[in-house]
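# Pasting a predicted model and its sequence here:
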Amino acid sequence: MVRRPERVRAFAAAGLSAADAELAEQYFFLRSELAERPRTIVFRFNPWWFSGQDNLTRAFFDELATLLPEADGRRARDAARALARRYSGAGATALKAAASVSGVPFVGPVIGFFARLVASWAGEMESLASIKNKLAKALASRKHKVVVIIDDVDRLLPQEALQIFTLVKSVGDLPNVLYLLAYDQQLINEMLPRPPLNLRSDFLEKIVQYEAPVPMREPEVLPTMLLNLVNRIFPEQSDSTEEEFSRRFGIAFHFGVRPYIRQPREIARLANALSVALPALAGQVEPSRRFNALASIAEHSSGLPLIAQFVRSLGPDRSSQGGHEKSSLLTEQEFGTLRDIVLKRIRKLANDGLLWSVSDPAAVLWSWWAMGENDEAKMWVASQIDDVDNALHLMASMPTLVRSSSGNYRAVQKTGWQYMVDLDALTAKASAFAANGLLSENQKAAAREFLRAMEKGRY
């Protein structure tokens, strides 16, 4: 065991000043103390592993006993193990009855069953209550906080969700034990009043003391989350195959995956499936079959913004400076065929006045411009500015979300849009719209929103 003065001298010998060596020693001491005697114990309790109130409660106390420090929480460990042992067979029924009496209702015929048992198990109920009281006193005397994380409560069956709430409210109501319940509030609220629970909508108010709503992740974040997971799943590529691999994955991701990813849970499911299925799929796509599949998707599939972006990315792509990048995935002739299919669809939408109705008009415009038809795209955009509704559609499609530590905001990326749109003319048009008393409040608000996005944008 290295003593404190020796550690200070070692830190000083490593080049630290006397003050820094003393500070490093204090950090080392605190870190060692927390490692040996953690102030907070966190464990995930998975209700999916157990069925029935008896097994659920017994497993909870078993895990609690296992996690409590040996020396610092012996009384608490012993009491938790005693409760776990009693939660088997008929011994559990008495405390379940006590839980029902204490304010967490059981539903349907279970209430009558517990009512008949209260009298016959009164002595055992007192014994269980005594054991729980010992556990409560032992936990109250400890410095440790125990945080129990229970995830996906909304995905349980109604009876199982009620068992979790019962555990938290009555059986697991212990000092220095905190519960973090993760669930979809809407799904739980819909579950409570329905059979077989038939509970009031305010039932959770007696159990959940503090709610912390977690906002949905913005759609722009989800692809990055998925790619971070995928990068850890896919095998490492050699220098000669990395570009080809990236192209193939780009097609699969944007055609077959991205449109269906709406929340992080779906990303986790996909990552799990990929980790299992990927080894059997390596090297299964032949070039001729790949082109035929892409041609069919480009011509018939819905979701033109995505299709246009990725057909554009497969072949020679015109940059804003007029340069081109050569594709390694398709031949020039194959790319030309796909390009013509997509351009035909874009032109039809534009001529029919439907381009602004797609999910991402900006993606379609940039695909039109970048696939060699920049003059045609610019002329069509210029024709839209004279119509109020079309001009407002253009203004709404141009801003993108910018993430900042001081707060996210929307801005027009002027560096790119200046090649397709007369930004000065469009800004003047937006100013006129914002001051036009003949336009609706929504139209004027849309114009003002575009002007704010222009102010935040950069060249």
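In hand now; what should we look at? Residues are numbered from 1 along each chain as shown.

# Strands of this protein, residue ranges please.
Under the criterion DSSP state E, the chain contains strands at 40-44, 145-150, 177-181, 400-402, 409-411.

# need these in TSV with distance to Lys429 and mean neighbour count, can you?
Heads up, the C-betas are built off the backbone N, CA and C, glycines and all. As requested, the strands of the chain are exported to TSV (distance: least, Cβ to Cβ, whole Å; neighbours: other Cβ atoms under 10 Å):
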stretch	distance to Lys429	mean neighbour count
strand 40-44	56	13
strand 145-150	54	18
strand 177-181	52	17
strand 400-402	20	14
strand 409-411	19	15
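
# As CSV, these with distance to Ala362 would be great.
Formatted as CSV, these follow (distance: least, Cβ to Cβ, whole Å):
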stretch, distance to Ala362
strand 40-44, 42
strand 145-150, 41
strand 177-181, 40
strand 400-402, 8
strand 409-411, 12
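
# Kindly state the neighbouring-residue count (a burial measure) for Arg58.
20 (other Cβ atoms under 10 Å).

# Ok, Leu423 next?
16.

# Would you check that it makes contact with Trp417?
Yes: the pair Leu423 and Trp417 passes the contact test of Cβ atoms under 8 Å, sitting 6.4 Å apart.

# Do a quick rundown of the helices in the stretch 201-350 of the chain.
Using DSSP state H, counting those that start in this stretch, the helices assigned to the stretch 201-350 of the chain run over residues 222-233, 242-251, 264-281, 287-300, 304-314, 332-351.

# Please apply the same query to the stretch 1-150 of the chain.
Here the stretch 1-150 of the chain has its helices, by DSSP H, counting those that start in this stretch, at 4-13, 18-36, 53-67, 74-86, 91-101, 109-120, 122-140.

# Residues touching stretch 411-425, excluding its own?
For stretch 411-425, contacts defined as Cβ atoms under 8 Å, 6 or more residues apart in numbering pick out 320, 365-366, 369, 374, 377-378, 381-382, 385, 394, 398-400, 402, 450, 453-454, 456-459.

# Quick check: end-to-end length of that stretch?
End-to-end distance for stretch 411-425: 18 Å, by Cα to Cα, to the nearest Å.

# that older thread, for Gln443, which of the helices of the stretch 201-350 of the chain is the nearest?
helix 332-351 (22.5 Å; Cβ to Cβ).

# returning to that earlier point: for Ala76, find the nearest of the helices of the stretch 201-350 of the chain.
The nearest among the helices of the stretch 201-350 of the chain, by Cβ to Cβ, is helix 264-281 at 34.3 Å.

# model confidence over the closest one, on average?
Average pLDDT, helix 264-281: 71.

# go on, stretch 19-34?
What stretch 19-34 shows for mean pLDDT is 72.

# quick one: buried residues of stretch 76-88?
Ala76, Arg77, Asp78, Ala79, Ala80, Arg81, Ala82, Leu83, Ala84, Arg86, Tyr87 (16 or more other Cβ atoms under 10 Å).

# of all those residues, which comes closest to Asn189?
Tyr87 (30.2 Å).

# low-scoring pLDDT stretches of the stretch 151-300 of the chain, where are they?
The model of the stretch 151-300 of the chain has pLDDT under 70 over residues 215-220, 230, 234-238, 240-242, 244-245, 247-252, 254-260, 262, 274, 277-290.

# ok, 90 please
151-152, 154-176, 178, 183-300 (pLDDT under 90).
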